[in-house]
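J.: the amino acid sequence is not available; the structure is as follows:
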């Protein structure tokens, strides 16, 4: 058996009968968790265990857990500062910035893995041009070279902790002011301008084993009239071709306004898969999810790419992990 290409959300702290049925559908391949799915560490472990026993191979379990404004789980998890704090440290001590970035990646991975979660949709590789409030301090820096170095260390920490990495939002969401959650942003820059800045972190990290990429719901009309997540030019020609990326491509949430240019949920999913996405995310739309799963029946997730996203290593108690203790001390020292 193989997994399907759809990643869905669930509503609460435990699965409903309807959710179990949806997640057993052959088109389902993963679950993304949110803050509403978290009450305590023990409850989260019970929920992920409940998800894992539904299928073989097991469904992938993911979360947006970047640090700063985007950290879904709080109680029992280390509070991770925004990635901008690493960029600020880079300006005064580049070597120390990289040490802290790797420590943060390791702590995030170790804590997620100990609660049964495979990976976080991180790191953000957007360049901060000072115009995007939705990105803002989620970006490491306004300097592509600093982003590449810090994100590279962060990814190394995630990998060591047993979690895959997902760079976002390809090719870059940092230049546009509009928020793709509620609008359809348009970036008028040329490919040469985007290549010179936004693509530099991707070049560096792809060469170092970046496992996943999530494209932006942003239109770059100088390159293609379609948003990047629905564009074979961006995903097949540039990301797969020019940048030689062979990992998993995840659509951003298809329920976002930035995806509306492709039509309804079914049309958006088909357009994303046709453009080159491996897996599509549909959140906060349970009625549409049922129809989407049936539409994509027979579509399978690439098993090699899916396996790269699966959490690795034993789920050992954090108290026995000396590297975790050292990384935690480094982060706490930074915050102090």
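T.: That came through fine. Because the structure is a prediction, the values reported are computed rather than measured.
J.: quick one: the strands in this protein?
T.: All strands of the chain, identified by DSSP state E, fall at 6-8, 28-33, 60-63, 65-67, 70-71, 119-120, 166-170, 212-215, 219-220, 224-227, 248-253, 279-282.
J.: can you tell me the centre-most residue of this structure?
T.: The chain has residue 121 as the residue nearest its centroid, 1.9 Å off, counting by Cα atoms, centre = their mean.
J.: hmm, residue 71 and it touching each other?
T.: No - the pair residue 121 / residue 71 is not scored as a contact, 11.9 Å apart, by Cβ atoms under 8 Å. Quick note: C-beta positions are derived from backbone N, CA and C, even for glycine.
J.: mind listing the shared neighbours of these two?
T.: With contacts taken as Cβ atoms under 8 Å, 6 or more residues apart in numbering, the residues that reach both residue 121 and residue 71 are residue 65.
J.: hmm, back to that, pLDDT score assigned to the residue nearest to the centre of the chain?
T.: Here the pLDDT value assigned to residue 121 is 97.
J.: mind checking how far it is from residue 299?
T.: When distance is defined by Cβ to Cβ, to the nearest Å, residue 121 is 21 Å away from residue 299.
J.: and if you look at residue 139?
T.: The span separating residue 139 from residue 299 equals 34 Å under the rule Cβ to Cβ.
J.: comparing those two, which residue is more hemmed in?
T.: Comparing residue 139 with residue 299 by other Cβ atoms under 10 Å, the one with more neighbours is residue 139, at 26 against 18.
J.: grab the nearest non-local neighbour of the more buried one.
T.: Counting by Cβ to Cβ, 6 or more residues apart in numbering, residue 139 lies nearest to residue 128, which is 3.8 Å off, once chain neighbours are set aside.
J.: I'd say that neighbour and residue 144 touch.
T.: No - using Cβ under 8 Å, residue 128 is not in contact with residue 144, being 10.5 Å away.
J.: what residues are up against residue 32?
T.: Residues in contact with residue 32, defined by Cβ under 8 Å, 6+ apart, are 7, 8, 9, 62, 63, 64, 121, 281, 283.
J.: and residue 304, how many neighbours?
T.: Burial of residue 304, expressed as a neighbour count using other Cβ under 10 Å, amounts to 10.
J.: adjust the sequence numbering to begin at 56 for everything that follows.
T.: Okay, using 56 as the starting number, the last item reads as residue 359.
J.: for residue 225, see how far away it is.
T.: In this view, residue 359 and residue 225 are 20 Å apart by Cβ to Cβ.
J.: ok, now residue 344?
T.: 25 Å.
J.: ok, the two, which is more surrounded?
T.: residue 225 (27 against 23).
J.: which non-adjacent residue is nearest that one?
T.: For residue 225, ignoring the flanking residues on the chain, the nearest one in space by Cβ to Cβ, 6+ apart is residue 270 at 4.5 Å.
J.: my guess is that neighbour contacts residue 304, does it?
T.: Yes - checked against Cβ under 8 Å, the pair residue 270 and residue 304 is within contact range at 7.0 Å.
J.: before we move on, the earlier item: which residues touch the residue nearest to residue 225?
T.: If you count contacts by Cβ under 8 Å, 6+ apart, residue 270 has them with 223-226, 282-284, 286, 289-290, 294, 304, 306-307, 332.
J.: one more pass at 10 Å, please.
T.: Under the criterion of Cβ atoms under 10 Å, 6 or more residues apart in numbering, the neighbours of residue 270 are 223-226, 228, 282-286, 289-290, 294, 304-307, 327, 330-332.
J.: and if you look at residue 202?
T.: Residue 202 sits next to 138, 141-142, 145, 178-183, 194-196, 229, 252-253, 255-257, 259-260 when contact means Cβ under 10 Å, 6+ apart.
J.: ok so, going back, name the residues contacting each of residue 270 and residue 304.
T.: When Cβ under 10 Å, 6+ apart defines a contact, the residues bordering residue 270 and residue 304 alike are 225, 284, 290, 294, 327, 330, 331, 332.
J.: low-scoring stretches of the stretch 256-391 of the chain, by residue?
T.: Scanning the stretch 256-391 of the chain for pLDDT under 70 picks out the ranges 311-318, 369-371.
J.: how about the helices in it?
T.: Under the criterion DSSP state H, counting those that start in this stretch, the stretch 256-391 of the chain contains helices at 287, 320-330, 341-350, 358-364, 377-390.
J.: so which of those helices is the most surrounded?
T.: Mean neighbour count, computed with mean count of other Cβ atoms under 10 Å, is highest for helix 320-330 among these, reaching a mean of 21.
J.: that's all I had, so thanks and see you.
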